[in-house]
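**Q** Build me a structure from this.
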Amino acid sequence: MSVKNKIKVAVIGATGFTGLDLVFFLSKHPRVKILNLCATKNIGKKINYFDKRIKNKLPKISSIKDINWNNIDLVFLSLPNGGAQKIIKQTFIKFKKLKYIDLSSDFRITKPKIYLRNYKTTHKATNLIKHSLYSISEFNKDKIKNYRIIANPGCYPTSIQLPLVPLIKKRLIQTNDIIIDSKSGYSGAGKKFEKKFRHKNLFKSTFAYSPMNHRHVCEIEQEILKLTGKVTLFTFNPHLLPTFRGILSSIYVKTNHKVNAMKIRNELKKFYKNSKFIKIMKLNSHLGSGNVLNTNNCEISICETRVKNKLIIFSAIDNLVKGASGQAVQNMNLLFNFPEQFGLK
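**A** Residues are numbered from 1 along each chain as shown. Predicted structure coming up:
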């Protein structure tokens, strides 16, 4: 395919866990030409030094200063929280055709006070929040083309909202006491995960953390309210697993009157009938993260319990793919009107 038919892309933060997965998918995409791979270290090195899966001849690692913004259609920002808002603030007005997909938290939260409370830093681009869209791809296929800044969701919130939002919309489950137990591989904490998690036997044990107020709670609350109009009370507890990637969320819900497990499954099946990456399993299917690793898929299983009207919903994704880089590519495909699965097979 000629270069004229391809969008020109820069990836900032290309050498982190998420950045490398992102570059891998983009390197296989038939409508993308990567012009810049940026990082703060290892300038001049080839990208396949960090990830042997990446075979294409791509630009060497360079500084952000080397980007010619006039040549770029889309920039992916895979940076620590706070980094994306500074770059977008500097370029948004000057380069009016430039679009952004931010994989950090910078544009996920619509209220600056809530962002400050959860991320302990003042938002530096509050005037641009109105130009951004929080986008779980399956919920924004019609809206996304109207925005220049796309906020890619967090991995835990993606695994939780995909099964819950359709059911809350249809008033099939009670919303006053939902229990969410999520377990993730350690890659979700980034390459410096050993500094963030110092518990004993990190690579041999399971570790529960942040039961009071994990910072993804405000994101989940905000989006469920926006998408369903319902205030939802839930308990959320994340766990770290001694495995590199993958998330399994176990969501405990009570059904409303005369709603059974099959009705719940059928509603999800109907809601996602045109969604290529959402797989609704047979009723009472046992579920783990093994099937979804290195894919952009989300598998969902509805399981009955011995308690009447109480169900467990299992939701499995790869935190680095559907929970980050894969969903970013899926959002890009929607943004530029490409087939949704391009680059993600």
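
**Q** drop to CA atoms for contacts and neighbour counts, all remaining ones
**A** OK.

**Q** So what pairs up with the residue lying closest to F244 once chain neighbours are set aside in the strands?
**A** Leaving aside its sequence neighbours, F244 sits nearest to G185 (CA to CA, 6 or more residues apart in numbering; 4.7 Å). Taking DSSP bridges as the rule, G185 bridges to L241.

**Q** dump the residue contacts of Q174.
**A** With contact set as CA atoms under 8 Å, 6 or more residues apart in numbering, Q174 has these partners: I168, V253, K254, T255, N256.

**Q** For E299, state which of these is nearest.
**A** E299 lies nearest to V253 out of those, by CA to CA, at 17.7 Å.

**Q** Y115 belongs to a helix?
**A** Yes: Y115: assigned to a helix according to DSSP: H, G, I helix; E, B strand; the rest coil.

**Q** Tell me how many other residues crowd it.
**A** Neighbour count of Y115, defined by other CA atoms under 10 Å: 21.

**Q** L225 sits in which helix or strand?
**A** Applying DSSP states H and E as the criterion places L225 in helix 216-228.

**Q** how about that helix as CSV, C-alpha atoms only?
**A** What follows is helix 216-228 as a C-alpha-only set of coordinates in CSV (Å, rounded to 0.1, in the frame of the first residue of the first chain):
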residue,chain,number,x,y,z
HIS,A,216,-9.4,3.5,39.2
VAL,A,217,-12.5,3.7,41.4
CYS,A,218,-13.3,7.3,40.4
GLU,A,219,-12.9,6.3,36.7
ILE,A,220,-15.3,3.4,37.0
GLU,A,221,-17.9,5.5,39.0
GLN,A,222,-17.7,8.4,36.5
GLU,A,223,-18.2,6.2,33.4
ILE,A,224,-20.9,4.0,34.7
LEU,A,225,-22.9,7.1,35.8
LYS,A,226,-22.3,8.7,32.4
LEU,A,227,-23.2,5.6,30.3
THR,A,228,-26.2,4.4,32.4
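
**Q** Give me the buried positions along that helix.
**A** Neighbour-count burial for helix 216-228 flags H216, V217, C218, E219, I220, E221, Q222, E223, I224, T228 (criterion: 16 or more other CA atoms under 10 Å).

**Q** Stretch 157-170 too?
**A** Neighbour-count burial for stretch 157-170 flags P157, T158, S159, I160, Q161, L162, P163, L164, V165, P166, L167, I168 (criterion: 16+ other CA under 10 Å).

**Q** so how far is the helix holding L225 off the chain centroid?
**A** Centroid separation for helix 216-228 versus its chain: 14 Å, with CA atoms, centre = their mean, to the nearest Å.

**Q** Quick one: list the elements packing against it.
**A** helix 155-169 (3 or more CA pairs under 8 Å, 6 or more residues apart in numbering; DSSP states H and E).

**Q** and the direction of the helix it packs on versus that of helix 216-228, what angle?
**A** If you take axes from the mean of the first three to the mean of the last three CA atoms, to 10 degrees, helix 155-169 sits at 30 degrees to helix 216-228.

**Q** from the chain's centre, how far out does helix 155-169 sit?
**A** Worked out by CA atoms, centre = their mean, helix 155-169 lies 12 Å from the chain centre.

**Q** who touches it?
**A** By CA under 8 Å, 6+ apart, the residues outside helix 155-169 that reach it are 136, 173-175, 180, 182, 188, 216, 219-220, 224, 227-230, 247-249, 251, 264, 267-268, 271, 298, 300, 313, 315-317, 319-320, 322-324.

**Q** Buried among those? Make that a PyMOL selection.
**A** Here is the PyMOL command that selects only those of the contacts of helix 155-169 that count as buried (16+ other CA under 10 Å):
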select buried, resi 136+173+174+175+180+182+188+216+219+220+224+228+247+248+249+251+264+268+298+300+313+315+316+317+319+320+322+323+324
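
**Q** Of the contacts of helix 155-169, which belong to helices?
**A** Mapping the contacts of helix 155-169 onto helices (DSSP state H) picks out H216, E219, I220, I224, L227, T228, I264, E267, L268, F271.

**Q** for the first one, what are its contacts?
**A** This points to H216. Contacts for H216 (CA under 8 Å, 6+ apart) come out as G154, Y156, P157.

**Q** Equivalent analysis for the third one, please.
**A** For I220, the residues meeting the contact criterion (CA under 8 Å, 6+ apart) are P157, I160, Q161.

**Q** can these go into a markdown table with extra columns for pLDDT and distance to N140?
**A** Below are those laid out as a markdown table (pLDDT from 0 to 100; distance: CA to CA, whole Å):
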| residue | pLDDT | distance to N140 |
| --- | --- | --- |
| P157 | 98 | 15 |
| I160 | 98 | 16 |
| Q161 | 98 | 13 |
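
**Q** Adding distance to F24 as columns, could you present these in CSV?
**A** Shown next, in CSV, are these (distance: CA to CA, whole Å):
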residue, distance to F24
P157, 24
I160, 26
Q161, 26
